[in-house]
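**Student:** here is the input, now give the coordinates:
(2 chains)
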Amino acid sequence: GENVEQHPSTLSVQEGDSAVIKCTYSDSASNYFPWYKQELGKRPQLIIDIRSNVGEKKDQRIAVTLNKTAKHFSLHITETQPEDSAVYFCAASLIQGAQKLVFGQGTRLTINP
Amino acid sequence: DTAVSQTPKYLVTQMGNDKSIKCEQNLGHDTMYWYKQDSKKFLKIMFSYNNKELIINETVPNRFSPKSPDKAHLNLHINSLELGDSAVYFCASSPWLGTGELFFGEGSRLTVL
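**Tutor:** Have a look, this model is predicted:
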């Protein structure tokens, strides 16, 4: 089955700097890679996703890159703000039939003012 | 008008007891899920239902029994609770099989003493 590894487990950056979180996956059949943000005590919420037919996707300050050959994908947050502080999860699955989203271990991102 | 709602939000009980968590979604989605988030924040799928039919059963002990009376509801009953069952249980839904984004409920924090 799919296995997703996520690094780092914690990340602390100065406000205004960029943050990068990296994930690797094991199943080359996976074709859908979402990122979820979970604020303290709240539910996970989708912030961006990418499918295997594209290499990069941007949404304002957030971007995701995908390298299918190496089986890794990354989340980039630019011009970080205090409200970006949260736990971020990457995930991978095959969008076909029963979707079993496998999550990484999470990265606790702290933005220091 | 909460999209995915779970009850109860908090549950404290003794080992050996039986408890249930209820989930309802008003999004008109076909597919619903139960995820378990342990103390290390790791999110792992337990079950998935599509139009009341069990699609994914992720090697969960048979003390856990999901029930979907209709496609808007997915309940989780747990028998003979153990200390290791302490976690936050998230219900989620998606429009249909293989659509990507999961819409999570607020979570139900179960503490087994």
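**Student:** how many residues are close by residue 35?
**Tutor:** I went with chain A, as the question did not name one. By other CB atoms under 10 Å in any protein chain shown, the residues close to A:Trp35 number 23. No exception for glycine: its C-beta is placed from N, CA and C like everyone else's.
**Student:** not quite, go with chain B.
**Tutor:** By other CB under 10 Å, 24 other residues sit near B:Tyr35.
**Student:** what do you get for B:Arg63?
**Tutor:** 13.
**Student:** nearest spatial neighbour of it, skipping sequence neighbours?
**Tutor:** Counting by CB to CB, 6 or more residues apart in numbering or on different chains, B:Asn79 is the residue found nearest to B:Arg63 once chain neighbours are left out, at 4.6 Å.
**Student:** hang on, B:Asn57 packs against B:Phe47?
**Tutor:** Yes. B:Asn57 lies in contact with B:Phe47 (CB atoms under 8 Å); the separation is 5.9 Å.
**Student:** those two: which has the busier surroundings?
**Tutor:** Taking other CB under 10 Å, B:Asn57 and B:Phe47 do not tie; B:Phe47 has more neighbours (22 against 14).
**Student:** touching the helix or strand where the more buried one lies from outside, list them.
**Tutor:** Taking DSSP states H and E as the criterion, B:Phe47 maps to strand B:43-50. The contact list for strand B:43-50 (CB atoms under 8 Å, 6 or more residues apart in numbering or on different chains) reads A:44, A:89, A:98-103, A:106, B:30-38, B:54-58, B:60, B:64, B:66, B:68, B:71, B:74, B:76, B:90, B:96-97.
**Student:** can you give me the strands for chain B?
**Tutor:** Along chain B, counting by DSSP state E, strands occupy B:4-7, B:10-13, B:19-25, B:31-37, B:43-50, B:53-57, B:64-70, B:73-78, B:87-94, B:103-104, B:108-112.
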